[in-house]
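Visitor: Give the three-dimensional model of this entry:
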Amino acid sequence: MSNTKIIIVGAGPAGYVAAIRAAQLGAEVTLIEEAQVGGTCLNRGCIPTKSLLASTETLSLIREAKKLGIEVEGIKLDFTRMMERKSGIVSQLKKGVESLLKANKVKLLKGKASFLDLYRIEVKTDKGKEDIEGDCTIIATGSKPTLLPFIDPNHLAVLTSERALEFVQIPQSLLIVGAGVIGCEFASIFGPLGTQITMVEMMDRILPRKIKELA
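Guide: Numbers count the residues shown, from 1 in each chain. Just a heads-up that it's a prediction; the model follows:
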């Protein structure tokens, strides 16, 4: 792979891992990311939600401690610190990914990519446009929340899974549309915090893509 020029669009778990491995094998790698290194998983998905789940699961265990013969008094939830911990973990891991890219001599370019032809990509950055040519391109642009056509996404009461990770105070109630993995995860986070949860699912059960026993 020596001297091979590889362009990777998207610096999420697929993109940055591919970039590092290709560089280790001797390729000249340019990694393009429009938003943040780490993609949805690190910044707006798996990592922040698991951080919050760790807090709410611990809270639930403490509340149930009496059943195990353990008396716990004066339980107090600090939601601000809980969210700060989540943000700190995301920031630390993101810096780790950026360090790995730098150590493996991957060129990281911040901007929006579009194809000019099969081998050339134009990147719109804050400083203007830059054309990049490569022998091949890996498209790893990830995912984003699906918006419902009958709901105004700009309404203050309408949240995507991304915005739901930025609450500054615990919501009194939440209507969660979709009882799949992500919907159930948010219910599991905010339910123990005292939020009244209502879930809507068009299929005949929750977690429709998982085994029935788990659902």
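
Visitor: Just list the residues touching the residue of the chain most remote from its centre, thanks.
Guide: Most distant from the centre of the chain: Gly69, at 38.3 Å, with distances by Cα atoms, centre = their mean. If you count contacts by Cβ atoms under 8 Å, 6 or more residues apart in numbering, Gly69 has none. Where C-beta positions appear, they are placed from N, C-alpha and C, glycine not excepted.

Visitor: For Glu122, give me phi and psi.
Guide: phi -100, psi 130 (degrees, to the nearest 10).

Visitor: Could you do Leu109 as well?
Guide: The phi/psi pair for Leu109 (degrees, to the nearest 10) is phi -120, psi 120.

Visitor: which non-adjacent residue is nearest Val158?
Guide: Ile151 (5.7 Å; Cβ to Cβ, 6 or more residues apart in numbering).

Visitor: And the strands in this structure, which stretches?
Guide: 5-9, 28-33, 107-110, 112-115, 120-125, 128-133, 136-139, 173-177, 196-200 (DSSP state E).

Visitor: now the helix ranked longest in the chain: how far from the chain's centre is it?
Guide: For the chain, the helix with the greatest residue count under DSSP state H is helix 79-103. Averaging C-alpha positions (Cα atoms, centre = their mean, to the nearest Å) puts helix 79-103 12 Å from its chain's average.

Visitor: Check stretch 8-25 too.
Guide: Distance, centroid of stretch 8-25 to centroid of chain: 17 Å (Cα atoms, centre = their mean).

Visitor: Could you pull out the buried residues of that stretch?
Guide: Using 16 or more other Cβ atoms under 10 Å as the test for burial, stretch 8-25 gives 8-16, 18-20, 22-23.

Visitor: which residues touch the residue lying closest to Val123 once chain neighbours are set aside?
Guide: Excluding the flanking residues, the one nearest Val123 by Cβ to Cβ, 6+ apart is Gly111, at 4.2 Å. Listed by Cβ under 8 Å, 6+ apart, the contact set of Gly111 reads Ile32, Glu34, Val123, Lys124, Thr125, Asp126, Glu130.

Visitor: Of the residues you listed, which is the nearest to Asp204?
Guide: Taking Cβ to Cβ as the measure, Asp204 lies nearest Glu34 of the contacts of Gly111, at 38.0 Å.
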